[in-house]
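> Got a predicted structure here, sequence first:
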Amino acid sequence: MKISREDVLRVAELAYLDLGEAELQTYRAQIDEILEYIGKLNELDTSKVEPMAQVLSDDQTADATLREDLIVPCAVAEDVLKHAPDPEPPYFRVPKVIER
Amino acid sequence: MKEVKEVKDGNARGSCGVHLGASLKTEQREHMTANWTIDGVREALAVKKFSARELAADFYQRIETQNPELNAFLTLSPERARRQTDRIDALVAEGKPLPPLAGVPVAVKDVISTRGIKTTCGSKILQNYVPPYDATAVERLEAAGAVILGKTNCDEFAMGSSNENSAYGPVKNPLARDRVPGGSSGGSAAVVAAGLAVASLGTDTGGSIRQPGSFCGIPAMMGSYGRVSRYGLIAFASSLDRIGPFATNVKDVAAILKVIAGRDPHDSTSTTAPVPDYRADLGKPVKGLRLGIPKEYFAEGMDVGVRKKIEAGIEVFKKLGCQLVDIRMQHTDYAIATYYIIATAEASSNLARYDGVRYGLRVDDDSLLAMYRKTRGAGFGAEVKRRIVLGTYVLSAGYYEAYYLKGQKVRSLIAQDFRDAFTKVDAILTPTSPVPPFKLGERTDDPLQMYLADIYTVTGSLAGVPGISVPCGKIDGKLPVGLQIFGAAFAEARVLQLAHAFEQAGGATV
């Protein structure tokens, strides 16, 4: 077994994801099977291989990884707030975080 | 002309009640050939066979009839379409030059942001999300004159290979209605195949443009990573996601790609490499070009019917005078494992933004953390949650090196396979999918089996190279097969030239 019930619970906690008991069991079994399959990568010796940290090679990357720091107007705040689940313009309202 | 009824841009389910006025009369429609093409639309508009508004109305009429069964559109945008057709019709009236996609009715996958038009990603968590801006690809389509009819159904957050992971129900394959249209861009493929749009935009992370193109019998292309701006594409896996076109023919695919490609300051991974006129090389002879046939893509696991069609397709290239070269791409068998590490890891990170605070669904709770957990638990569907759990796991302390880092290293090897191959050949031919379109519901219980069907497409996604799927016959005259052509990075023109030659040589009916 690659992944235990406790592992799934720990990961779900890290990802802020509520999982029901049935989901927990199904995902554990399915992910276990997927990880088992992924294990085939260990057939390859990659000790001398660099990880592929980016897709484009240096001569293909945009010249503008650094750009000028320009101020551009952006007047979407009202629109954005209008579609928020619980807006209190100009703020997003959330459940109380700080206890008195 | 009938009075134009004001309809707010909105839902496409059930009766959409869209009217842009009179649609085409029978004799006007007969003027067109069976397949609508970009040039056909432009020419007809220029000589005033019909107006852009009439054409859009005609498409909406057919959408209204056919969409309730196909479920390919999620949202229609008739108001925005009318504003655009008015602009085009004004250009025609003033005798001004028409832009390259003038009046062409198009559809956009629902993971691509459209200002003022609901964009759900096929997810409950974004069921009421209305973006405040347009994706660059959408902006460029409209600037080129295209008319956006609406947004298409897809697997939730583009995660799936059958369109069955949409929170808004599956799409039916217009060519075989008991079967899936492929995924994740199933709606974008289906609307073009069903004649409900002339072209569409989809997104491809591990095959999500090419495989539905194959399943719905139309050409579908993913350009090189960095070729098309991802700005406004709601992220699934940022090192893999690409936007690309579906159309009824290769020439139109080339025309759309030309419009949407090119540097965008809003996406630092979009390149400054110049965008050639992709239609310029179409029709040039392909004689003498070297085409690699990688042994690993013809191993066990391929459907017999698919194999026969692909072999017949390869014969077409031989007759065109191409030189077929046996090549090896020895890490192919590791691509699925690599892909499902990298894609899920990036997804778990990208989807952290859905927290019930700024947009989308919120499930209330007195505690902030419980609100996050409940919102995400209720808002995401099964496949998305499975991938978040897997992706979080492969990135978590103690497993990062064994999984994520290992995956990144094997990705290097897969990319090297492609670079090596392109020192020997001009392009690579493979099947797009090992199986033809399967029946709705047939594969939903076994995620690993579903993942394994992406075997021929994920390789090119990991390597960053361009790929197209072109129609390559139908099994028993019914189930479409797609042939995939990979080119070297930024060799889109070569890929399109070969696809066009294949199409013109009758590849679709082998």
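Perfect, I can see it now. Remember, it's a predicted structure, so these values are computed and weren't measured experimentally. Residues are numbered from 1 along each chain as shown, chains lettered A, B, ... in the order given.
> Which pLDDT value belongs to the residue lying closest to B:K319 once chain neighbours are set aside?
Taking C-beta to C-beta, 6 or more residues apart in numbering or on different chains as the measure, B:K319 lies nearest to B:A505, with 7.0 Å between them; neighbours along the chain are not counted. From N, CA and C alone the C-beta is placed, and that goes for glycine too. Predicted confidence (pLDDT) for B:A505: 98.
> these two touch, right, B:A505 and B:V316?
Yes: here B:A505 lies in contact with B:V316, judged by C-beta atoms under 8 Å, at a distance of 5.2 Å.
> Which one's more surrounded, the two?
Per other C-beta atoms under 10 Å in any protein chain shown, whichever of B:A505 and B:V316 has more neighbours is B:V316, with 19 against 15.
> tell me the secondary structure for the residue of chain A found nearest chain B?
When you check chain A against chain B by C-beta to the nearest C-beta, the closest residue turns out to be A:D18, at 2.9 Å. Per DSSP: H, G, I helix; E, B strand; the rest coil, the secondary structure class of A:D18 is coil.
> Does it touch B:F380 like I think?
No: applying C-beta under 8 Å as the test, A:D18 and B:F380 come out as separate, 10.0 Å apart.
> Those two: who's more crowded?
Taking neighbours as other C-beta under 10 Å, A:D18 and B:F380 compare with B:F380 leading, 26 against 18.
> could you check the distance from the more buried one over to B:R373?
11 Å (C-beta to C-beta, to the nearest Å).
> Same check on B:V394?
The gap separating B:V394 from B:R373 is 21 Å, by C-beta to C-beta.
> more crowded one of these two?
Each of B:V394 and B:R373 has its neighbours counted (other C-beta under 10 Å); B:V394 has more, 25 against 21.
> which residue sits closest to that one, ignoring its sequence neighbours?
The shortest distance from B:V394 to any residue other than its chain neighbours is 3.7 Å, reached at B:Y403 (C-beta to C-beta, 6+ apart).
> Now find how far off-centre the helix or strand of chain A with the lowest mean pLDDT is within its chain.
Taking mean pLDDT, DSSP states H and E as the measure, helix A:77-82 is the helix or strand of chain A with the lowest mean score, a mean of 91. A distance of 25 Å separates the centroid of the chain from that of helix A:77-82, by C-alpha atoms, centre = their mean, to the nearest Å.
> So it, near chain B or not?
Yes: using C-beta under 8 Å from any C-beta of the partner chain, helix A:77-82 comes into contact with chain B via A:D79, A:V80.
> Kindly state the pLDDT recorded for A:V55?
Confidence at A:V55, expressed as pLDDT, is 89.
> thinking again about what came up before, check which helices and strands whichever helix or strand comes after the least confident helix or strand of chain A is in contact with.
With elements assigned by DSSP states H and E, the helix or strand that comes after helix A:77-82 is strand A:87-88. Secondary structure elements in contact with strand A:87-88, counted by 3 or more C-beta pairs under 8 Å, 6 or more residues apart in numbering or on different chains; DSSP states H and E, are absent; no helix or strand qualifies.
> Tell me which helix or strand comes right after strand A:87-88.
Moving toward the C-terminus from strand A:87-88, the next element (DSSP H and E) is strand A:91-92.
> hmm, that following strand touching chain B?
Yes: applying C-beta under 8 Å from any C-beta, one finds strand A:91-92 in contact with chain B at A:F92.
> Based on its surroundings, how many neighbours for B:G213?
Applying other C-beta under 10 Å, we find 38 residues neighbouring B:G213.
> Show me whatever sits in contact with both of B:F380 and B:R373.
Overlap of the contact sets of B:F380 and B:R373 (by C-beta atoms under 8 Å, 6 or more residues apart in numbering or on different chains) consists of A:L17.
> Just give the closest residue to B:G207, not the sequence neighbours.
With sequence-adjacent residues excluded and distances taken as C-beta to C-beta, 6+ apart, B:G207 is closest to B:T457, at 2.8 Å.
> quick one, what contacts that neighbour?
B:T457 makes contact with B:D204, B:G206, B:G207, B:R210, B:Q211, B:T432, B:S433, B:G467, B:Q484 under the criterion C-beta under 8 Å, 6+ apart.
> For the residue nearest to B:V394, list the residues it contacts.
B:Y403 makes contact with A:L35, A:I38, B:I341, B:A345, B:Y393, B:V394, B:L395 under the criterion C-beta under 8 Å, 6+ apart.
> Check the fourth one and give its pLDDT.
Just to be clear, that refers to B:A345. With respect to pLDDT, B:A345 scores 98.
> what do you get for A:L70?
Per the predicted model, pLDDT is 89 at A:L70.
> Check the gap between it and B:P265 for me.
A:L70 sits 10 Å away from B:P265, taking C-beta to C-beta as the criterion.
> out of these two, which sits in the more crowded spot?
Of the pair A:L70 and B:P265, B:P265 is the one with more neighbours under other C-beta under 10 Å, namely 14 against 6.
> And the more buried one, how far from B:I88?
For B:P265, the distance to B:I88 equals 28 Å [C-beta to C-beta].
> Low-confidence ranges, the chain, go.
Chain wasn't specified; assuming chain A. Per-residue confidence of chain A (counting by pLDDT under 70) places the weak regions at A:58-65, A:100.
> wrong one, I was asking about chain B
B:1-19, B:21-35.
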